[in-house]
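K.L.:
got a predicted structure plus its sequence, pasted below:
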Amino acid sequence: MTLLEVDDLHVEFAARGLDNRVRVASALNGVSFKVEAGEVLGLVGETGAGKSLTALAAMGLLRPPARIPRGAIRFEGRPLIGLPDSAMARIRGRRMTMIVQSPLTSLDPLKRIGDQLIRMQRVHGSASRAEARAKAEAMLAAVRIPDPKRRMQAWPHELSGGMAQRVLIAMALVNDPALVIADEPTTGLDVTVQAQVLDTLRDLVRERGLGALVITHDLGVVAHYCQRVAVMFAGRIVEDGPVREVFARPAHPYTQALIASTPGRIAQLGWTVTGGTPPDLYNLPEGCLYRDRCLRAAPACLVAPPRREIGPAHGAACHFAGEAA
């Protein structure tokens with residue numbers, strides 16, 4: 001079952017310069033992907049590629065000067081773009097939730113952990129306070145927080161970074177959603193705690209049959225915790241497919257450059273300098289947006305490349321997809 005479907009999504013930002021002229025930045029340029037029930041999709045790419053913006057658009061959290069000129073976002077088959085705030089609020093937090101970065105700044109410092117979990121349920125449901133308290137304790141236990149009854153009384157500043165991240169996972173799952181969006185869920189945590197937090201999230205997704213969209217710049221996270229991966233560059237999905245297939249046979253030059261930049265490949269093959277800068281979003285070039293950084297750029301790249309199928313459910317938007325492995 002398809003939970004989240006993003007189809008040809010475009011997002012723009014309008015800004016007035018010092019000369020009083022309005023300029024438009026094209027931040028997302030035709031993003032398309034799906035998240036199925038029971039799977040974890042990894043969304044990867046460099047800083048500024050549009051990963052977090054895609055998540056905010058899916059959650060209905062974009063505000064002016066951002067606007068969506070065209071495209072579609074559907075959740076469980078229901079169109080979300082243009083949905084009234086009251087209707088979107090009934091989906092967000094109940095059926096679709098988000099785990100954000102920096103847990104210690106995301107939790108309310110003036111409320112105890114238990115009160116925040118209880119409020120999350122009562123805002124989005126009809127549970128009594130006693131029922132909400134019992135479920136909050138059960139969720140803290142499910143995310144492997146020791147002595148959950150005592151932790152219900154803790155203040156956010158009393159928690160470690162890893163513990164606070166587990167609390168955010170508990171808050172995201174306490175209303176039994178169908179889809180979880182995790183935006184860089186382990187930023188700022190040491191590698192041991194990262195693994196523990198991601199293991200917890202993966203196990204809960206499997207046990208509850210959820211769909212999950214994990215946004216990250218860490219290819220190791222994608223390799224170990226995701227079934228499928230979508231690679232973003234300059235607001236577009238340039239390659240997507242099963243994780244094993246994409247990592248074994250990367251078809252787009254940008255995906256190949258990302259994988260070549262991982263420590264294991266650098267140790268094996270040496271350092272490869274990719275160079276270049278992201279394109280100017282206020283003045284996007286015609287054709288392939290990656291061509292100024294691509295070692296295989298050719299005259300054909302002046303025309304926007306279509307998505308080419310490389311294998312089962314594996315495709316890349318490149319004229320030479322699969323030819324430069």
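P.N.:
Received, thanks. Residues are numbered from 1 along each chain as shown.

K.L.:
phi, psi of S32?
P.N.:
phi -140, psi 130 (degrees, to the nearest 10).

K.L.:
what's the closest non-adjacent residue to it?
P.N.:
D7 (5.3 Å; Cβ to Cβ, 6 or more residues apart in numbering). (Glycine included, C-beta is placed from N, CA and C.)

K.L.:
is it fair to say the one you found lies in a helix?
P.N.:
No - D7 is assigned strand when assessed by DSSP: H, G, I helix; E, B strand; the rest coil, not a helix.

K.L.:
quick check, it in contact with R70.
P.N.:
No - applying Cβ atoms under 8 Å, one finds D7 not in contact with R70, separated by 9.9 Å.

K.L.:
next SSE after the helix or strand bottoming out on mean pLDDT in the chain?
P.N.:
In the chain, the helix or strand scored least confidently by mean pLDDT, DSSP states H and E is helix 263-269, which has a mean of 63. Toward the C-terminus, helix 263-269 is succeeded by strand 307-311 as the next helix or strand (DSSP states H and E).

K.L.:
other SSEs contacting that following strand?
P.N.:
strand 314-317 (3 or more Cβ pairs under 8 Å, 6 or more residues apart in numbering; DSSP states H and E).

K.L.:
please redo it, this time with the cut-off set to 10 Å
P.N.:
Counting contacts by 3 or more Cβ pairs under 10 Å, 6 or more residues apart in numbering; DSSP states H and E, strand 307-311 packs against strand 236-242, helix 243-248, strand 314-317.

K.L.:
touching it from outside, list them.
P.N.:
Residues outside strand 307-311 that contact it (Cβ atoms under 10 Å, 6 or more residues apart in numbering) are 32, 237-242, 245-246, 248-252, 314-323, 325.

K.L.:
type out the ChimeraX command that picks the buried ones from the residues you listed.
P.N.:
Buried subset of the contacts of strand 307-311, written as a ChimeraX selection, criterion 16 or more other Cβ atoms under 10 Å:
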select :32,237,238,239,240,241,242,245,246,249,250,251,252,314,315,316,317,318,319,320,321,322
